[in-house]
Structure formats: structure tokens, C-alpha cells
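Q: Need coordinates for the following:
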Amino acid sequence: MFPGKDDLTFTIRETSKKEKTAFERRRQIANAAVHLFLKKGVANTSMRDLAAEVGMTTGGVYHFFRSKKDIIHLVAEDAVSYHFTVKDFRQTLGDMKPSQIFRLCAQYWLTIDKVSQDHAIFIDRETLLIEPDVRVQFLDAVRALILYFEELLSDGIQAGEFRVENITLTAFNVVMLRTQYAMRRWFLKDIMSPEDYAKQQTDAIMKQILVSKNEKI
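A: Residues are numbered from 1 along each chain as shown. Here you go, the predicted model:
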């Protein structure tokens, strides 16, 4: 006997709920793992340590990840995918002047939350632990984002809004400023919030590249 429509709807909802819960649990474990990896080192962090950190049994952690290597793989893949969110963000902005688009995209990229800070530090510190194929994907994603910011800068130059001596270096600096905040937060967190950092850094970049209203190029 085939299930009725209501039964199918219930089954789909339950499956979706379970998948969402599993996804959230995997993220919780991965985030806790990165925190411990940075604190104790990967080699000195056991799956038992991780289970205690997230309030699970060791067997429960193994249900979601077979090894620390699997956790590192997920963290690296997340880092790869996040580099492409700037393009998605730009699509939400609609029709704006190139200078406005560049400012908002740069500020979006540079606003880095606590979890992302940990991930950025971990990826930067432990690059060699990432599987070679994923490492290549990560580096390609970084390059792609630098190229994207180059495109945004070129749009501003063509519109007569920007004067940029070295487009590639400027784009590179924008992308790297995110990691710099993560690496120096021990000092910066007592001075400014991630949002303040993103705004002030973006403002500083804009001051360097914006053509003044009275200037002719």
C-alpha cells in the first residue's frame, strides 16, 4: 500500500529535520575541534577531548566524523566555499555605482566573526595538514577572490571613480586583511570590534583609491 500525501509530507519534513540537525551537529563539532586544535595542537587533541568539549560520547563524535582528518577536511572545504560568498553578496546589491559596490563587498568580506577567526587562523597555521587536492582548491579560491576584487576595482577605474596604481596588489591586500585581523585579534579585540575593523579598513582603502570630486583623471 502506498503512503498517502499526508504521510509523505510528514516523512519529508522529518527527514529534512534530521538532515538539518545532523548538519548543525557536524558544524558544532568542527567548530569545537578547531578551537581545541588551536589551543592544544592537532596531535595533542583526542576524539575523547572533542567529545567532552561538545558534551557527547566519543562514539557520538565518531558517528559524524571518522577521524580528525575528516574534520580538517570539512573546515578546509568551508573555507573554500566562503571565498565565493562575496559574489553572492554582490548580487543582492542591485544597481549601484562601482565605488559603492566595492565598498560594501570589501566591508562584507572583512567582517569576520569569532568562529571564522578561529578557522582562518587554523587554515593559515596548519595548511600542510589539509589534503593536497583541497589545499589546491583553497588556493584557487583565494586567487579567484583576488581576481574578483580586481574586477570591482577596474569597474571603478573605468567609471572614473578610482585611481589605483597597482590593481592586483590592492585586491590582494583587501583579501589578506581578513586573515590579518584573525591573526592579530589578541591585540585588536581590545581596540575595536570586527565590524569596526571592517569599516575602518574599508574607509582607509577608499581614501587611497577614490578620485576626489574636483580631481580630473
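Q: Would you mind listing the outside residues contacting stretch 31-39?
A: Stretch 31-39 has contacts (Cβ atoms under 8 Å, 6 or more residues apart in numbering) with 45, 49-50, 53-54, 68, 71, 75, 115, 118-119, 121-122, 125-126. Bear in mind the C-beta positions are built from the backbone N, C-alpha and C, glycine included.
Q: Among those residues, give me the pair with the biggest separation.
A: For the contacts of stretch 31-39, the farthest-apart pair by Cβ to Cβ is 54 and 125; their separation is 21.9 Å.
Q: which of those two has more neighbours?
A: With neighbours defined as other Cβ atoms under 10 Å, residue 54 and residue 125 compare such that residue 54 has more, 17 against 13.
Q: now the helices: where do they sit in this structure?
A: In the chain, helices defined by DSSP state H lie at 5-40, 47-54, 58-64, 68-82, 85-91, 98-110, 114-125, 132-158, 167-183, 185-188, 194-209, listed in chain order.
Q: For the last one, list the C-alpha coordinates in CSV.
A: Think helix 194-209. Provided in CSV are the C-alpha atoms of helix 194-209 (Å, rounded to 0.1, in the frame of the first residue of the first chain):
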residue,chain,number,x,y,z
PRO,A,194,35.2,43.0,13.9
GLU,A,195,32.6,45.4,12.4
ASP,A,196,34.6,48.5,13.4
TYR,A,197,37.7,46.9,11.9
ALA,A,198,36.0,46.1,8.6
LYS,A,199,34.6,49.6,8.3
GLN,A,200,37.8,51.4,9.2
GLN,A,201,39.9,49.3,6.9
THR,A,202,37.4,49.8,4.1
ASP,A,203,37.3,53.5,4.7
ALA,A,204,41.2,53.6,4.6
ILE,A,205,41.2,51.8,1.3
MET,A,206,38.6,54.0,-0.2
LYS,A,207,40.5,57.1,0.8
GLN,A,208,43.5,55.8,-1.1
ILE,A,209,41.7,55.0,-4.3
